[in-house]
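sequence first, then the predicted structure, then my questions.
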Number of protein chains: 2
Amino acid sequence: MLHLTRLKILGEVVQRGSFSAAAEALDYTQSAVSQAVARLESETGAVLVVRDRRGVRATAAGAVLLGHADAIFAQVRAAEDELAAVLGVRGGRLRLASFPSAGATLIPQAVAAFRSLHPGVELSLAEGEPEEIAPRLRAGEFDLALLFQFPGQEQHFQGLDKIALIHDPMWIALPVEHPLARHHNLTLADLAAEDWIQTSINSACARHVVSVCHGAGFEPRVSFESDDYDTVQGLVAAGVGVALIPRLALSHRRPGLVVRRLEPENPVRQVFAATGAQAGAPPAAQAMLDILSQRAREFVAQGED
Amino acid sequence: MLHLTRLKILGEVVQRGSFSAAAEALDYTQSAVSQAVARLESETGAVLVVRDRRGVRATAAGAVLLGHADAIFAQVRAAEDELAAVLGVRGGRLRLASFPSAGATLIPQAVAAFRSLHPGVELSLAEGEPEEIAPRLRAGEFDLALLFQFPGQEQHFQGLDKIALIHDPMWIALPVEHPLARHHNLTLADLAAEDWIQTSINSACARHVVSVCHGAGFEPRVSFESDDYDTVQGLVAAGVGVALIPRLALSHRRPGLVVRRLEPENPVRQVFAATGAQAGAPPAAQAMLDILSQRAREFVAQGED
DNA sequence: ATGGAGCATTAGTGCTTGTGATGGTACCGA
DNA sequence: TCGGTACCATCACAAGCACTAATGCTCCAT
């Protein structure tokens, strides 16, 4: 295999027309240059350079090698540059996935911050339920994903590198004119007779709501389903029923509804970021993770509301 | 500078999905492969490869490098191939120059032989008088030149690598019906009264003819000049005059003229091949030189006629 | 002649690149 | 649960590589 360093030295020698000058330019001794060229010549089995009174010139063989040198170095340089771009988060790509209700606050802010910090990175975003995202993350379809889980569901996300972001409580939303809206110490059992609004029955959120209701001793009567928490808020505000809504989906509250915590404690979901542990995550993923962590801290600090 | 050997090793590791398999394929120990990848990773400052249960995979950074690897290796390969072609006289070029009267025999045969032996070499031919060719050869315009000189003219061709080819005598050509055509022991002085046909008066041949005539005690009366020895032969055959013609230009003799040697000895020119000593001659030049030497030997052996 | 410029050569040194042996870990089958 | 196996990392070491410093050689100009 052609030796790049020696090829570079050869180029310098021919360009400057002198071993000594090349040595100086490359910050080598003249001896090192002489030996490098000699070695290249013995490796290639060709006389590459001719020394005469006027200086040093390339032979036909040397000219052939040097004719390719620029292209080779350009190619190598391109590889190094692209690598540096990826490492410096100035290039490459980041395939992000998240669950839908992160779309309200966390994702838009994080994406905006990322794009302004790292405009060179090609950023893509897919939405889906954690159960759907996780295997695709494992398969290498995504570099980074925003997921959530309820207590006891950890087994779905094994084999992923997880970083906890937010402990996201679910609060109860009631129409403002609802009789219970005046109370501040609601328990789930107080809501056993209400009409409930939920996300799709197969979604993790809906299943968890049903499960905690069972724990409180009743079967919720589900009157509407929507996977869009903004729609859910609208339905509650319109008096259609009550809903358990994650705080993440409550950053913009509709008029016409009130939000109450549950006693003795709220259902809670754990929001986390994950990378497919088996494939090396690009540096851009770490950069995004830093941003997400920062946003998460701000979200938590934003108060208990 | 990116290390090509290590890049190759990285590629093999990723392609085979295993350090051990790569080691076997490359005929290294597994340890060497492991160290090479580790070194490449520390040089680039990036994790290039991720080891997990299922095997070894490239990270985003590794994928970037490997994305360039094929192009780099192809480029290097192209350089090596072209060098090998030049060295093996399967490629490259050969810029040949010769004096015009070599065109009759030596050059056509040599060119034909060369092209059939080395079809990959781009061969070009320029014609000119030695005085014109020599400086262009020194300047690197030609790789190989066919030149001639008369005794005492060596100074024109200093700084060239010369290889003697033919001792080329000049014989006297007379019309067949000329009274002297019956004689076989002609001297120059016998021809003092003849009309002479020559090449251009500034050419080395013509100057030499004049000079030897002076030596024989007369000024030749030049009636015609032509740089084409075939034309000169025609003029002699037509009875216009006599001419001193190099044997090289007499391989095809016109009817109507006779050729006689001069006593006590013929003027003679030395035909030789030369390379510009300062620039390394391409291997193709040596190949052509071999052919020319062979042809020259055959020409000499062809008899004293 | 003499000195300078420039390349080659040599000896020496630290580093690189291999090998072989060993150790740790994950997985697999009894 | 316990070896056995497959695989990668690491270590110690040897050979060779890639430099430096010093010296020699040749050509050239003064």
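The structure has been received and is ready for your questions.

okay, domains of chain A per the record?
Domain assignment for chain A by automatic domain parsing gives A:4-87, A:95-305.

scan chain A for its longest helix.
Ordering each helix of chain A by length in residues (DSSP state H) puts helix A:60-87 first.

list the helices and strands that helix packs on?
Contact here means 3 or more Cβ pairs under 8 Å, 6 or more residues apart in numbering or on different chains; DSSP states H and E; on that basis helix A:60-87 packs against helix A:4-16, helix A:283-301, helix B:60-87, helix B:283-301. C-beta here means a position set from N, CA and C on the backbone, and glycine is covered the same way.

is the third one anywhere near DNA strand D?
No - when contact is scored as Cβ under 7 Å from any atom of the strand, no part of helix B:60-87 falls within range of DNA strand D; the minimum is 12.7 Å.

between whichever strand or helix holds residue A:107 and helix A:283-301, how many degrees?
Under the criterion of DSSP states H and E, residue A:107 resides in helix A:106-117. Per axes from the mean of the first three to the mean of the last three Cα atoms, to 10 degrees, the angle that helix A:106-117 makes with helix A:283-301 is 130 degrees.

before we move on, the earlier item: okay, the helices and strands packed on helix A:60-87 in JSON lines with mean pLDDT and mean neighbour count next?
Formatted as JSON lines, the helices and strands packed on helix A:60-87 follow (pLDDT from 0 to 100; neighbours: other Cβ atoms under 10 Å in any protein chain shown):
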{"stretch": "helix A:4-16", "mean pLDDT": "95", "mean neighbour count": "20"}
{"stretch": "helix A:283-301", "mean pLDDT": "90", "mean neighbour count": "18"}
{"stretch": "helix B:60-87", "mean pLDDT": "94", "mean neighbour count": "19"}
{"stretch": "helix B:283-301", "mean pLDDT": "90", "mean neighbour count": "18"}
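
let's have those helices in a markdown table, adding distance to residue A:72.
Putting the helices and strands packed on helix A:60-87 into a markdown table (distance: least, Cβ to Cβ, whole Å) gives the following:
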| stretch | distance to residue A:72 |
| --- | --- |
| helix A:4-16 | 7 |
| helix A:283-301 | 27 |
| helix B:60-87 | 5 |
| helix B:283-301 | 23 |
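
in the stretch 101-250 of chain A, what residue is nearest DNA strand C?
residue A:159 (9.4 Å; Cβ to the nearest atom of the strand).

count the residues that sit near that residue.
14 (other Cβ atoms under 10 Å in any protein chain shown).

any idea of the pLDDT on it?
For residue A:159, the pLDDT comes out at 72.

surely it is in contact with residue A:139?
No - checked against Cβ atoms under 8 Å, the pair residue A:159 and residue A:139 is beyond contact range at 11.0 Å.

anything in contact with each of those two?
The contact sets of residue A:159 and residue A:139 overlap at residue A:276 (Cβ atoms under 8 Å, 6 or more residues apart in numbering or on different chains).

before we move on, the earlier item: can you give me the angle the longest helix of chain A makes with helix A:283-301?
10 degrees.

which SSE is immediately downstream of helix A:60-87?
strand A:93-98.

quick one, strands of the stretch 101-250 of chain A?
With DSSP state E, counting those that start in this stretch, the ranges of strands along the stretch 101-250 of chain A come out as A:122-127, A:144-149, A:160-175, A:186-187, A:195-198, A:221-225, A:243-246.

could the ones you listed be laid out in a markdown table, adding distance to DNA strand D and mean neighbour count?
Output for the strands of the stretch 101-250 of chain A, formatted as a markdown table (distance: least, Cβ to the nearest atom of the strand, whole Å; neighbours: other Cβ atoms under 10 Å in any protein chain shown):
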| stretch | distance to DNA strand D | mean neighbour count |
| --- | --- | --- |
| strand A:122-127 | 29 | 14 |
| strand A:144-149 | 24 | 25 |
| strand A:160-175 | 18 | 20 |
| strand A:186-187 | 44 | 16 |
| strand A:195-198 | 43 | 22 |
| strand A:221-225 | 45 | 15 |
| strand A:243-246 | 40 | 25 |
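
of all these, which lies closest to residue B:24?
Closest of the strands of the stretch 101-250 of chain A to residue B:24 is strand A:160-175, at 31.6 Å (criterion: Cβ to Cβ).

just checking, what packs against the closest one?
Looks like strand A:160-175 contacts helix A:130-138, strand A:144-149, helix A:229-237, strand A:243-246, strand A:257-260, strand A:268-276, helix A:283-301 (3+ Cβ pairs under 8 Å, 6+ apart).

let me see the contact set for the nearest residue to residue A:109 once chain neighbours are set aside.
The shortest distance from residue A:109 to any non-neighbouring residue, by Cβ to Cβ, 6 or more residues apart in numbering or on different chains, is to residue A:295 (5.5 Å). Neighbour list for residue A:295: A:106, A:109-110, A:113 [criterion: Cβ under 8 Å, 6+ apart].

do residue A:234 as well
Counting by Cβ under 8 Å, 6+ apart, residue A:234 touches residue A:254.

and for residue A:224?
So residue A:224 contacts A:195, A:197-198, A:232, A:235, A:240-241 (Cβ under 8 Å, 6+ apart).

so which bits of the stretch 101-250 of chain A are right by chain B?
Neighbours of chain B within the stretch 101-250 of chain A, by Cβ under 8 Å from any Cβ of the partner chain: residue A:143.

how about the residues of the stretch 101-250 of chain A that lie near DNA strand C?
Where proximity means Cβ under 7 Å from any atom of the strand, the stretch 101-250 of chain A presents no interface facing DNA strand C.

low-confidence ranges in the stretch 101-250 of chain A?
A:155 (pLDDT under 70).

now with 80, please.
A:103-104, A:152-156, A:158-159 (pLDDT under 80).

quick one, what contacts the closest residue to chain B within it?
Residue nearest to chain B within the stretch 101-250 of chain A: residue A:143 (7.5 Å; Cβ to the nearest Cβ). Neighbouring residues of residue A:143 by Cβ under 8 Å, 6+ apart: A:93-96, A:275-276, A:281-282, A:284-285, B:60.

which one among those residues gets closest to DNA strand C?
Looking across the contacts of residue A:143 and measuring by Cβ to the nearest atom of the strand, the closest to DNA strand C is residue A:276, at 14.7 Å.

wouldn't the closest one be in contact with residue A:140 here?
Yes - assessed by Cβ under 8 Å, residue A:276 is found in contact with residue A:140 at 5.8 Å.

which of these two has more neighbours?
residue A:276 (25 against 12).
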